[in-house]
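Participant: sequence? don't have it. structure:
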């Protein structure tokens, strides 16, 4: 990839950065399917492709007792010519099942490890997701490259014919573990406890998925005729109830925890006691510093191929690069600017080991509702301030103000040169995006996307709109929230602020404080600033299925749960309409298109760019790794290390 940036772009970028302040599906999972996975492998420094036959959908390599067969194709230069060598790998000595011998310690540098949070009702984003991506806990379903509804702790699910509930069959023989003991077999009671406490039956939950679980489900119960099954009754049937930030590892979901441990220790001790059903067991957790793990050799699937795992927290990208370069770690996501030098020194980067995060902007503080639509109770939003300090905040009771605020939001979204940000800051590795949560939430590669939802870069038109809105001389944004600790690209924040300053005379101060510090303002519906985050559209998000439910959870709810600072009746009406229709049906697609048109016009959020997570690997240490296309770095149990 050519990383040369033109002198013009370099000059603009330098100018833009000056003065920007940084302040601190109805489905059943019973069938066995053959899946072919492709992973990136290195053999003595060469990049090759390994094809692994998987006997059960969702398993990373192979089930116990079967034999791995690998066909490896290596291209090598011999005296100027390229030849192809086909090799068949044989089981390693000492592995009676034909699997790689478990050995070695894998060391990975990551932006954050956080603190242990094993009480579901306290598991805010991104802690809840890191628990299963790190390999400690697991969800009912997982995902692969084809679907996000792959059996995991649930072996099957059945939707009632009247759409009143879904019944999950719980996998037998799965145990919870802490570092010092086996907590016993997972039961339906654990599953009920996990999802009810996360939000299905817990108004005080601040779990990241609390809003979705509360909006979709009534309290979960053990099936009255089969104690190995769980009934999840619908409060409001939703066609994509499995993948709407509820039970799938693909999404911002809840994991299964041990009720027996909670009953024994109580909430305070359970909160800080690492436990789960996953492939790794935590042996030590130094908050915001380092986690050490050992492989769970009694894991219900294939145990990890590494004996031990160390995750080292390194928020600064430059430090992660240095750790990779010096051999302190084997794997690390690194800044884009460091990729060329690392590649030239033999470190491996590949499209198969790349993730994308859609950086987009919320124009928060637009609280347009004063009742909870579910029960009619009144709510008060003291942070609803349609005033001179919040020009982007509209007022449903003042048509002129509402129109002015909409023009401000349009102007701000049009004064962003997305292509330039991608070419300069992202070196062409990313790409523009135009929507996000609260707007058109799909990427332009999605079959439902329409070109009329593309936001053009037009600084002159943006300036005109801002003048029409009553701000010909610009205004100030005192705290553009840019939480780099959750993966928001700080340089992208700076570039957006620089463009607004240059094109619209808007004075922007960036606030890079921790996301967790602002999270209470989202749960409490008091956030009213402009802020940037990472769960916008990206090119890998499309799972092959169209349709789904939209609008959640941008309306007042009986339970708290996350809200970015947007509440509108249309969001609730859309949630009901799209959820009640069959996912992908003509009715569902028509309701979504109507909503996308409205949301694009309102422009309560706007996409910026999809930022790649470029993961560097030391090929002298890492032989292979099957990274799943999830939101964060994952699947360390599939890493095979070179013999030490």
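Facilitator: Great, that's in hand. Just so we're clear, the structure is a prediction, and the values are computed from it rather than from any experiment. Numbering: from 1, shown residues only.
Participant: low-confidence regions, the stretch 451-600 of the chain specifically.
Facilitator: 543, 560 (pLDDT under 70).
Participant: now the helices for the chain?
Facilitator: 7-17, 127-133, 188-195, 210-216, 259-271, 317-326, 339-344, 399-414, 418-424, 459-468, 490-504, 515-523, 569-580, 586-602 (DSSP state H).
Participant: out of these, which is the most enclosed?
Facilitator: With neighbours taken as mean count of other CB atoms under 10 Å, the helices of the chain reach their highest mean count in helix 210-216, at a mean of 27. Bear in mind the C-beta positions are built from the backbone N, C-alpha and C, glycine included.
Participant: quick one: residues in contact with that one.
Facilitator: 121, 195, 198-200, 202-203, 205, 207, 234-236, 238, 241, 244-246, 254, 552-553, 557-563, 575, 579 (CB atoms under 8 Å, 6 or more residues apart in numbering).
Participant: mind checking the pLDDT average for stretch 307-315?
Facilitator: Regarding stretch 307-315, the rounded mean pLDDT is 96.
Participant: got the buried residues for that stretch?
Facilitator: Neighbour counts using 16 or more other CB atoms under 10 Å place 307-314 of stretch 307-315 among the buried residues.
Participant: and the residues you listed, which is closest to residue 599?
Facilitator: Using CB to CB, residue 313 comes nearest to residue 599 of the buried residues of stretch 307-315, at 36.6 Å.
Participant: now that closest one: how far from residue 369?
Facilitator: 39 Å (CB to CB, to the nearest Å).
Participant: also residue 223?
Facilitator: Taken as CB to CB, the span from residue 223 to residue 369 is 37 Å.
Participant: what residue ranges in this structure score low on pLDDT?
Facilitator: Judged by pLDDT under 70, the stretches of the chain that qualify are 1-98, 352-353, 543, 560.
Participant: the top strand by length along it to helix 317-326, inter-axis angle?
Facilitator: Counting by DSSP state E, the longest strand found in the chain is strand 605-617. Orientation of strand 605-617 against helix 317-326 (axes from the mean of the first three to the mean of the last three CA atoms, to 10 degrees) gives an angle of 20 degrees.
Participant: so that it lines up with my notes, have the first residue be 614 from now on.
Facilitator: Will do, 614 is the new start, and the previous item becomes strand 1218-1230.
Participant: go through strand 1218-1230 and flag the buried ones.
Facilitator: 1218-1230.
Participant: same deal with stretch 1080-1099?
Facilitator: Neighbour count says stretch 1080-1099 has 1082, 1084, 1087-1088, 1090, 1093-1099 buried, by 16+ other CB under 10 Å.
Participant: could you identify the most distant pair in these?
Facilitator: Of all pairs in the buried residues of stretch 1080-1099, the most separated under CB to CB is 1082 and 1098 at 33.2 Å.
Participant: right, and the helices of the chain - which one's nearest residue 1252?
Facilitator: Going by CB to CB, the one of those nearest residue 1252 is helix 740-746, 13.6 Å.
Participant: tell me how far the closest one lies from the chain's centre.
Facilitator: The chain centre lies 10 Å from the centre of helix 740-746; the measure is CA atoms, centre = their mean, to the nearest Å.
Participant: returning to what we had before: closest one of the buried residues of strand 1218-1230 to residue 1022?
Facilitator: Of all these, residue 1022 sits closest to residue 1219, with 7.4 Å by CB to CB.
Participant: identify the residues contacting the nearest residue to the closest one once chain neighbours are set aside.
Facilitator: Of all residues beyond its chain neighbours, the one nearest residue 1219 is residue 1026 (3.6 Å), with distances taken as CB to CB, 6 or more residues apart in numbering. By CB under 8 Å, 6+ apart, the contact set of residue 1026 is 974, 1068, 1216, 1219.
Participant: can you check residue 1099 too?
Facilitator: 725, 738-739, 1128, 1146-1147.
Participant: again, only this time at 10 Å
Facilitator: Neighbour list for residue 1099: 724-725, 738-739, 970, 1127-1129, 1146-1148, 1245 [criterion: CB atoms under 10 Å, 6 or more residues apart in numbering].
Participant: again, but for residue 1105
Facilitator: 972, 1029, 1031, 1034-1035, 1038-1039, 1043, 1095, 1145, 1221-1222, 1224.
Participant: turn the residues you listed into TSV, including distance to residue 719.
Facilitator: Rendered in TSV, the data for the contacts of residue 1105 read as follows (distance: CB to CB, whole Å):
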residue	distance to residue 719
972	29
1029	39
1031	37
1034	34
1035	32
1038	31
1039	28
1043	28
1095	31
1145	32
1221	34
1222	31
1224	25
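Participant: ok, which pair from those residues is furthest apart?
Facilitator: Most distant of these, by CB to CB, are 1035 and 1095, 17.9 Å apart.
Participant: for residue 1162, see how far away residue 1185 is.
Facilitator: For residue 1185 relative to residue 1162 (CB to CB), the value is 12 Å.
Participant: got the domain boundaries for the protein?
Facilitator: For the chain, automatic domain parsing gives the domain ranges 648-705+713-718, 728-899, 969-1225.
Participant: just to revisit the earlier point, including distance to residue 993, could the helices of the chain go into JSON lines?
Facilitator: Below are the helices of the chain laid out as JSON lines (distance: least, CB to CB, whole Å):
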{"stretch": "helix 620-630", "distance to residue 993": "40"}
{"stretch": "helix 740-746", "distance to residue 993": "29"}
{"stretch": "helix 801-808", "distance to residue 993": "30"}
{"stretch": "helix 823-829", "distance to residue 993": "19"}
{"stretch": "helix 872-884", "distance to residue 993": "30"}
{"stretch": "helix 930-939", "distance to residue 993": "42"}
{"stretch": "helix 952-957", "distance to residue 993": "50"}
{"stretch": "helix 1012-1027", "distance to residue 993": "19"}
{"stretch": "helix 1031-1037", "distance to residue 993": "38"}
{"stretch": "helix 1072-1081", "distance to residue 993": "31"}
{"stretch": "helix 1103-1117", "distance to residue 993": "32"}
{"stretch": "helix 1128-1136", "distance to residue 993": "15"}
{"stretch": "helix 1182-1193", "distance to residue 993": "17"}
{"stretch": "helix 1199-1215", "distance to residue 993": "23"}
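Participant: what's the closest of these to residue 902?
Facilitator: Closest to residue 902 of the helices of the chain is helix 930-939 (CB to CB; 13.0 Å).
Participant: other residues contacting the closest one?
Facilitator: 720-724, 925-927, 929, 941-952, 954-955, 958, 960, 1097, 1102-1103, 1227-1231.
Participant: same thing but at 8 Å, please
Facilitator: 722, 724, 925, 927, 941-948, 951, 955, 958, 960, 1229, 1231.
Participant: closest to residue 771 among the buried residues of stretch 1080-1099?
Facilitator: residue 1099 (36.4 Å).
Participant: ok, residue 896 to residue 1000 distance?
Facilitator: Using CB to CB, residue 896 is found at 53 Å from residue 1000.
Participant: the more surrounded of those two?
Facilitator: residue 896 (16 against 11; other CB atoms under 10 Å).
Participant: in contact with that one, which residues?
Facilitator: Taking CB under 8 Å, 6+ apart, one finds 792, 905-907 in contact with residue 896.
Participant: Produce a ChimeraX select command limited to the buried residues of those residues.
Facilitator: Applying 16+ other CB under 10 Å to the contacts of residue 896, the buried members can be selected in ChimeraX as follows:
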select :905,906,907
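Participant: inside strands: which ones of the contacts of residue 896?
Facilitator: Counting by DSSP E, the contacts of residue 896 place 905-907 in strands.
Participant: out of the residues you listed, which comes closest to residue 1059?
Facilitator: Using CB to CB, those come closest to residue 1059 at residue 906, 36.6 Å.
Participant: who's that closest one bridged to?
Facilitator: Beta-bridge pairing for residue 906 (DSSP bridges): residue 895, residue 922.
Participant: was I right about it contacting residue 891?
Facilitator: No - counting by CB atoms under 8 Å, residue 906 does not reach residue 891; the two are 9.5 Å apart.
Participant: since that was my last question, I'll sign off now.
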